[in-house]
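K.L.:
Fold the following for me, if possible:
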Amino acid sequence: MFKTILTLMRGSAAAAGEDLADRNALLILDQQLRDSTVALDRAKRALALAIAQDQLEGERLKAVLARIADLEIRVSAALESGREDLAREGAEAIATLEADRDAAQTARSLFATEIGRLTAHVRQAESRIAAVDRGRRVARAAEAVRITRRGRTEAALPHEATLAEAEVTLNRLRGRQTEARLADEALDQIETATSPIVAAERLAAQGFGPRMKSTANDVISRLRAKPTPATQN
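P.N.:
Numbering: from 1, shown residues only. Sure thing, here's the model as predicted:
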């Protein structure tokens, strides 16, 4: 029984962890991408340092080779002149420089291998990060769509409203607005029907009593009857 309870607790913890990871997958992905980008920046700095050190070794090697060439000319001249002592001294210097040359060449070979490895790593990492970033943008868009569809294919979170609920709220709001508009129109009709002025206008329009308002014909008749300046003279 104890083993069963322990297994159940472990299973519940694992399920809760998976559920937490699923609900926060985009946040986790964003942070993982940032961490990967930081690691790539470190690799780029290491590559730049290796290239700089390789260039320094190249400069040292050039200087050593130039000194060896110069000493070989001088030692040859000393041998031709019979100065074995000076020739031996120069030869010993050449031997030392050749050891430095061999060490520099070995270092450059190691740097070349390391630079090649780091360059391949950086290019591969850049390609993978770019692919993950593209996928992240697509996943974010898909997640936004999924959230808008929540409530149809999956249960919404307790604190989140669904699109269907928003539609219900909008329809309810439109219903109240329509009801208020119809009530206003009905009130206008009631006030108009009971207005004394409106009643008088309706009676006048039917020929009962003088008209309440002038018409265009009234204006034209009045202007025609008005004497012109020439007639007045």
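K.L.:
which stretches of the chain form helices?
P.N.:
2-23, 25-80, 84-148, 163-193, 196-205, 216-225, 229-232 (DSSP state H).
K.L.:
May I see the buried residues of stretch 34-54?
P.N.:
For stretch 34-54, burial by neighbour count (16 or more other CB atoms under 10 Å) applies to 40, 43-44, 47, 50, 53-54. Backbone N, C-alpha and C define where each C-beta goes, glycine included.
K.L.:
what does that stretch rub up against?
P.N.:
Outside stretch 34-54, the residues that touch it by CB atoms under 8 Å, 6 or more residues apart in numbering are 108, 111-112, 114-115, 118-119, 121-122, 125-126, 128-129, 132.
K.L.:
re the thing from before, make TSV out of the buried residues of stretch 34-54 and add pLDDT.
P.N.:
Converted to TSV, the buried residues of stretch 34-54 look like this (pLDDT from 0 to 100):
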residue	pLDDT
40	89
43	89
44	90
47	89
50	87
53	87
54	88
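K.L.:
Domains in this protein, by residue range?
P.N.:
Using automatic domain parsing, the domains assigned to the chain come out as 2-148, 171-222.
K.L.:
Give me the below-cutoff pLDDT ranges for the protein.
P.N.:
For the chain, the stretches with pLDDT under 70 are 1-23, 147-164, 167, 188-219, 228-233.
K.L.:
What count of nearby residues applies to residue 97?
P.N.:
Using other CB atoms under 10 Å, residue 97 has 20 other residues around it.
K.L.:
can you tell me how far it sits from residue 62?
P.N.:
To residue 62, residue 97 is 12 Å away according to CB to CB, to the nearest Å.
K.L.:
Could you pick out the buried ones from the contacts of stretch 34-54?
P.N.:
Buried subset of the contacts of stretch 34-54 (neighbour count, 16+ other CB under 10 Å): 108, 111, 114-115, 118, 122, 125, 132.
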